[in-house]
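Engineer: Sequence plus predicted model, see below.
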Amino acid sequence: MNRPIAANLEIRTTKDGDRIACRACGHPLAPAGDAWKRHAVLRELSMNGAGGKAYTGAQEALLRQFACPGCGVLLDSEMALPGEPFLDDIVRA
Amino acid sequence: MDPITFSIIRHRLFRVIDEAVITLKHVSGSAITNEGHDLMVSLYRADGSLLMGGVGFLHHLTSAAEACKAIIRRFKGQINEGDVYLLNDPYTAALHTSDIYLVAPIHHEGKLVAWSACFVHVYDIGAMNPGGFSPESQDIFTEGISSPGLKLVDRGELRQDVLDTLLNMVRSPEMVTLDIRSMIACNNVAKDRMLALIRKYGYATVDEACAVLIEQSEKLLRSRLAELPDGQWQSRQYMDVKGETAKVCLTMTKKGDRLIFDFSGSSPQSKYALNCTKWASLGGLFAPLFPLLCYDITWNEGVIRPITMIAPEGSIVNCTRPAPVSVATVGAIQSVNNAACATIGKMLAASEKYRTEATAVWHANHFAIFMFGTNQRGGLSIGILTETFAGAGGARTFADGVDVGGEIPNPISRMANVETMESTFPLRYLFRRRLPDSGGPGQFRGGLGMEIALTPHDAPDGGLHYVVSGKGAKYSMSEGLGGGYPGAPNRYVWVHNNEVADQRNIDPSFALSLEEMPGRTEDISWGVFPLMGKDALYVAWNGGGGFGDPLERDPEQVRIDVDGRFVTREAARKVYGVVTDAKGIVDLAATKALRQEMRFARMERRAAE
Ligand SMILES: [Zn+2]
């Protein structure tokens, strides 16, 4: 049974145990219950202009996009200043 | 207890509050109360614990409980039938000095059986800046009257000496007295209706129903929490004051039937007034929790029991006296609210059963601009631009956020008509409309915020002044969910037009956009500024957060967004990967190819570690 835990993430039962995986392509990212972001592909762009012309804020504010290494679908986004740790979301049970 | 009687009493308690809210609005004369609905009425048990949370600003439900408890402690043995107490000290219970609590004991046959409490943001509180939000204040002593508790009405008699003392320290005392009298009237109505309920069903029955109601809420929330997955979710909010960045960090942990909100890692308290006290933080996290987790559960003490808050002392979310806090409600409190909304949204989205209840963050940055000056009738006008309440909805897991949908912590907030504002202040609106691209992109996009431009009109002094505070314009604050982008940030622009207008005879009166306005533009975000002559003030405010991957959005929906000017053609291509032809029709093959190219580009980046 695959259980969705976010827009494009799910917990998938595999022969190696439960894994957090991409819902679009099934690419496994990390063991269930772990922080998964460091196994995704990270792209950082300036928030300024990121969503269109109304994004007039600071150049140094970053939009971090975490994409699936298997298919490129967006798994999560967060706003951060350079050097901030990732926001780690962990789903346990 | 008999379930029918229980249900009737429960509904009557709701109606007690409804009637009290109507009274508050009818007696108060200020737009922030009547139009913006910046108010709250709730009922409390004899010990001050929350019995029935009302509508209005939900940050106040728990703080007013603490206000009742503080009055009980301070006036032990002197609390009499017909008393009304005033409390507005943020270090005792209140959110900031402007939001005055009036709390009143309800006695039945000589016995204290309940409390009613309400607040409005009073017209003025005697702080260094008119209207209460004081970006220039450096400590609580410059933020106006601050009472940890005083008796305003003694056994049904207004203490005129006390009221006169308060009114002697504020601007526009005639408006402030109306605010205070509206709250006295509101408490009187709450008491009358509560006593009518007790007379009809008997004290013992009503008391039992109240106790059962609290137990029921606790049980219902605990079983809901037990159904949600265990885990930890994080959120981070940046605020900007004069180039200094402060942050609110939250780790929300859910285990079994409990929730812990831990704000460790948040910035030390600021020298600026955007700090908040611990009671305010507690209110801030409950404001989204009530509607998001307890939409079908009565908001009372039972809901508070499963929740724990950790807020480090001396931090921006639990500042120590005498730190300034006048901007708290649109500063740290709102960020606490946003962060809690973000983590609760993520937790709900992780549950198959509750994912449709999840939301990205709504309206995350009040601009809270207070105008003040001589009005067209020669009197003094002080008041908020009520558009600050016209926030944008966050996207849901199944639908876009509501454009200009309001905000989560105040389900009844709204903005006044342009005509109301123009009759209150010597101002003219050049435009007021939705702001394209302001909603956070996603499979479902965030709702749009707005943009307005104002210029003086018929002003005896040639214009007026305004206070701008809030959390700055550098950072997006309406966090997205599941990959969705945060909404656009706020923006405040002072258009200096006098010189240009004089030389070139250009009038800004018919400018249809910021770009069309003549004159030099200056981005501002904190302080007191003039709006004089032919200058203009342009304000744009944040959209809601988006949900999911924008490349997954239905291309036809993007076309509709472009046609309706919700999204620009540039953003449709650059952010959503949607290609349209010269007539605006979606080229599906080109869109598919472009989106695939954009996904590949994402994958070419280095791994995150
Ligand atoms: Zn994938």
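Structural biologist: In hand now; what should we look at? These numbers come from a predicted model, not from an experiment. Residues are numbered from 1 along each chain as shown, chains lettered A, B, ... in the order given.

Engineer: What are the boundaries of the helices in the stretch 301-450 of chain B?
Structural biologist: All helices of the stretch 301-450 of chain B, identified by DSSP state H, counting those that start in this stretch, fall at B:301-304, B:332-349, B:418-424.

Engineer: did I read that right, B:L112 in a strand?
Structural biologist: Yes - under DSSP: H, G, I helix; E, B strand; the rest coil, B:L112 falls within a strand.

Engineer: hang on, the earlier thing: which one, of the helices of the stretch 301-450 of chain B, ends up nearest to B:A287?
Structural biologist: When the helices of the stretch 301-450 of chain B are compared by CB to CB, helix B:332-349 sits nearest B:A287, at 4.9 Å. From N, CA and C alone the C-beta is placed, and that goes for glycine too.

Engineer: and the closest one, what does it pack onto?
Structural biologist: On a contact count with 3 or more CB pairs under 8 Å, 6 or more residues apart in numbering or on different chains; DSSP states H and E, helix B:332-349 meets strand A:3-6, strand B:231-241, strand B:244-255, helix B:278-293.

Engineer: ok, now with 10 Å
Structural biologist: Judged by 3 or more CB pairs under 10 Å, 6 or more residues apart in numbering or on different chains; DSSP states H and E, helix B:332-349 is in contact with strand A:3-6, strand A:90-91, strand B:231-241, strand B:244-255, strand B:258-262, helix B:278-293.

Engineer: of all these, which lies closest to B:P324?
Structural biologist: B:P324 sits nearest to strand B:231-241 of all the helices and strands packed on helix B:332-349, at 11.2 Å, using CB to CB.

Engineer: Relative to that closest one, what are the paired strands and their orientations?
Structural biologist: If you go by DSSP bridges, strand B:231-241 pairs up with strand A:90-91 (antiparallel), strand B:244-255 (antiparallel).

Engineer: which of the ones you listed is buried the deepest?
Structural biologist: With neighbours defined as mean count of other CB atoms under 10 Å in any protein chain shown, the strands paired with strand B:231-241 peak in mean count at strand A:90-91, which reaches a mean of 24.

Engineer: Please report how far B:E515 lies from B:V495.
Structural biologist: Relative to B:V495, B:E515 is positioned 11 Å away (criterion: CB to CB, to the nearest Å).

Engineer: tell me the contacts of B:E352?
Structural biologist: A:3-5, B:229 (CB atoms under 10 Å, 6 or more residues apart in numbering or on different chains).

Engineer: Turn the residues you listed into JSON lines, columns for neighbour count.
Structural biologist: Output for those, formatted as JSON lines (neighbours: other CB atoms under 10 Å in any protein chain shown):
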{"residue": "A:R3", "neighbour count": "16"}
{"residue": "A:P4", "neighbour count": "17"}
{"residue": "A:I5", "neighbour count": "27"}
{"residue": "B:P229", "neighbour count": "18"}
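
Engineer: Make a markdown table out of the residues you listed and add distance to B:F425 and pLDDT.
Structural biologist: Shown next, in a markdown table, are the contacts of B:E352 (distance: CB to CB, whole Å; pLDDT from 0 to 100):
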| residue | distance to B:F425 | pLDDT |
| --- | --- | --- |
| A:R3 | 55 | 92 |
| A:P4 | 50 | 94 |
| A:I5 | 50 | 96 |
| B:P229 | 50 | 97 |
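
Engineer: Throw those into TSV and include distance to B:C186, thanks.
Structural biologist: Output for the contacts of B:E352, formatted as TSV (distance: CB to CB, whole Å):
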residue	distance to B:C186
A:R3	48
A:P4	46
A:I5	45
B:P229	42
